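Asks: Model the following, please.
(2 chains)
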Amino acid sequence: MEKYLDKLPSYVETIKLIKETIIANIVFIGQIPAPTFKEKRRANFFMERLVEFQVDECTTDGYRNPIGIIRGTSPLKPPVFVVAHLDTIFKKDIDHNYTVKKKTITGAGVLDNSLGVGILASLPLIFRKLNLRFESDIVLAGVIQSLGRGNLRGIRHLLKTWDTPIRGAICLEGVELGRLNYYSEGMIRCEVECDISLILGPLQKFKSNAILILNEVINQILELRLPQRPRSRVIIGKISGGFKHGTIASKAKLGFEIQSNSDKMVKSIYNDINDIIEDISHQNEIEMKLKTISNLSAASIKYNHPLVKNAGAVIESLGIKPICEPSESELSIFLSHKIPAVTLGITQGENIHLEKAMMEIEPMYKGIAQIVGAIMAIDGGVCDE
Amino acid sequence: MNSNWLEKNTFHYSEFKDINRLVEEKERKKIKISLCLPTLNEEKTIAKEIIIMKSELMSRYPLLDEIVVIDSGSSDRTMEIASSYGADVYKADDILPKLEKFKGKGENLWKALYITKGDIIVYLDADIKNIHHRFVYALVGPLLLFDNIKYSKGFYDRPIAKGKKKLRPTGGGRVTELVIRPLFSLFFPELTQIIQPLSGEYAGYRELFEKIPFPIGYGIETSIILDTYEKWGLDVIAQVDLERRVHRNQDTKSLGKMSFVILKTFCKRLAKLGLAELKSDVFNEMIQYKLGKDGYLPDIYIDKSFERPPIIEISEYREKYKKTAWVADE
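Replies: Predicted coordinates:
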């Protein structure tokens, strides 16, 4: 293990030699709008770049996830997957032009996840620059329909239809450098919409109020007794509603997630909340429904799994402290297919989900070296139990 | 009127997408290509232009031999940033220091002729928000692939960055449509075929640029077209559709100043060509008004219409490039 760990600091310097191309990839990719379900242009560009950087094969799967394959030296070894989601939370019509300065890149979606996709597209060139060849095929997959209502459809489809074993996987996310995710919690993402416009009528000034009804829903959710084991929580994440200050709100919407490291507990809390909503609907003589937007099963490899241990050592060898937290990304789908996988963050930054998201350039080079190190670890056999 | 020029000499950038072919042609002709970016407070956009050109047209394809930034005296970090990404950065005032100093884009472009090594020089504005390497390879393409073409000019859709968030899909080109096109229609109808005569993206052979004068300011684009047309005709000019360029919007007052300078440049050439006669010297002041506390106040912009002579007339240049003296009317 030490053999490649020792090389990583020198890789950082070599990677810097092609900084223009790496930054150009991040900028080119990030400047193509790619809201979830509308990633086609970004996917096409990603494929073009892979072809230009001379991957051995370039294709899309049946779900139009773009994939590049760098052939390994041993046909007997299963492939190593490196993935980054292509979609962003930003609508098409906002300004996607990035600003590059001496130390930073700023622009919508740069941290989530044009940085990840830009690095993914740069990997063939980075491997050549570092003079690296692997035993396994390296599969570079930009996956579509990942965020929100996308519900990780791209990666779900890719793994469902990939018919040979996968040796291990690395998921790339923009921030934070040091991030080492190896488990994901069970999750149900829900929405409740309260629409009382039909029963309210234009002149009823002192009747029900959609916001107050949802307020009651929130209050009752907060009264739920959630266990500490299995660790569980309900995150109230989004709320919207009403029209203007002096008018009773006839429509309101609430978005929340139920998270737990037990799928059973997630389901149980979901049922409790469903009961709350039915009860409040009945009391107010309205129809209010709990909608599931997406869901994930809890999945994990152990903290002492060789992949986690080696990825941690790779990160530490670059002078960075690993931070382990759960992740709801592509990781959970790999883990649910029993494929050892980790998610790595690439750099530091701020305003991750704002249009003025900003990434730091200098830490990125260590972030890339750690990805190379993790691939080398998998290729060296840490997932071959 | 050469009315089939538009069809014959208008290209789309995609026709030059095969960069390998351009590199082969460049090597066959044994020529060098320089990119010049004139700057004044462009810290927001300069790095991206340099990075993308260096990555795509120097590291990946050896089409460009150098990237040179000529700065008019930025007060922001333009020069520091440009230098950190490996461009050769010069203050305009430090080039040919014995000459009188002027400030302006044309001055920077003229001085770039002294600094750069290229046989072909590509000039790009440094404020392009959606910069792409097509802006360079598409301008160089006609120069490398067609022996008659000596000067190529970009045109594009011009969405304007409106505020921080939205893009306005059409707009821009107001000075072109309100000033230049009417003047071309009156005096040089053939030139109306040039779709965006004021675009800041163009490339040409050194042998052309060195033989024409350069107004120091806004008049530079107009003068290059008029002088090239007068000396070599329309057939040496090509125009290339670069599709889309996002840039900063300018307010009407700024465009007024720009129009003033362009009109003066135009008038000067009309007089020189004997197409119009001015009975007296025109004034150098563009007078606009702004509302102050005590009423309307004049806001005066002075333009002395200074033009640099063809650089081949400068002895330091001839010495550096081993050129013999050139007679303007040859």
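Asks: now B:Asp147: how far from B:Arg206?
Replies: 16 Å (Cβ to Cβ, to the nearest Å). From N, CA and C alone the C-beta is placed, and that goes for glycine too.
Asks: Comparing the two, which shows the higher neighbour count?
Replies: B:Arg206 (22 against 8; other Cβ atoms under 10 Å in any protein chain shown).
Asks: B:Ile120 is in contact with the more buried one, correct?
Replies: Yes - using Cβ atoms under 8 Å, B:Arg206 makes contact with B:Ile120 at a distance of 7.2 Å.
Asks: what about A:Val382, how many neighbours?
Replies: The number of residues packed near A:Val382 is 21, by other Cβ under 10 Å.
Asks: can you list the residues of the stretch 51-200 of chain A near chain B?
Replies: A:Glu52, A:Asp93, A:Ile94, A:Asp95, A:Asn97, A:Tyr98, A:Thr99, A:Val100, A:Lys101, A:Lys102 (Cβ under 8 Å from any Cβ of the partner chain).
Asks: tell me the domain boundaries of chain A?
Replies: A:2-184+A:298-379, A:186-296 (automatic domain parsing).
Asks: what is the mean pLDDT for the helix ranked longest in chain A?
Replies: Using DSSP state H, we find that the single longest helix of chain A is helix A:263-284. Average pLDDT, helix A:263-284: 94.
Asks: in it, what counts as buried?
Replies: Along helix A:263-284, these residues count as buried under the neighbour rule (16 or more other Cβ atoms under 10 Å in any protein chain shown): A:Asp263, A:Met265, A:Val266, A:Ile269, A:Tyr270, A:Asp272, A:Ile273, A:Ile276, A:Ile277, A:Ile280, A:Ser281, A:Asn284.
Asks: Not counting sequence-adjacent ones, nearest residue to the fifth one?
Replies: If you skip the residues right next to it in sequence, A:Tyr270 has A:Ile188 as its closest partner in space, 5.2 Å away by Cβ to Cβ, 6 or more residues apart in numbering or on different chains.
Asks: now the angle between helix A:263-284 and whichever helix or strand that neighbour is part of, please.
Replies: Per DSSP states H and E: A:Ile188 is located in strand A:186-195. Interaxial angle of strand A:186-195 relative to helix A:263-284 (axes from the mean of the first three to the mean of the last three Cα atoms, to 10 degrees): 10 degrees.
Asks: CA atoms of strand A:186-195 as PDB?
Replies: Output in PDB follows, covering the C-alpha atoms of strand A:186-195 (Å, rounded to 0.1, in the frame of the first residue of the first chain):
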ATOM      1  CA  GLY A 186     -32.400   5.000   4.400                       C
ATOM      2  CA  MET A 187     -34.400   8.000   3.200                       C
ATOM      3  CA  ILE A 188     -37.800   8.900   1.900                       C
ATOM      4  CA  ARG A 189     -38.200  12.400   0.400                       C
ATOM      5  CA  CYS A 190     -41.800  13.600   0.600                       C
ATOM      6  CA  GLU A 191     -44.000  16.500  -0.300                       C
ATOM      7  CA  VAL A 192     -47.400  17.500   1.100                       C
ATOM      8  CA  GLU A 193     -49.500  20.000  -0.900                       C
ATOM      9  CA  CYS A 194     -52.400  21.700   0.800                       C
ATOM     10  CA  ASP A 195     -54.800  23.200  -1.700                       C
END
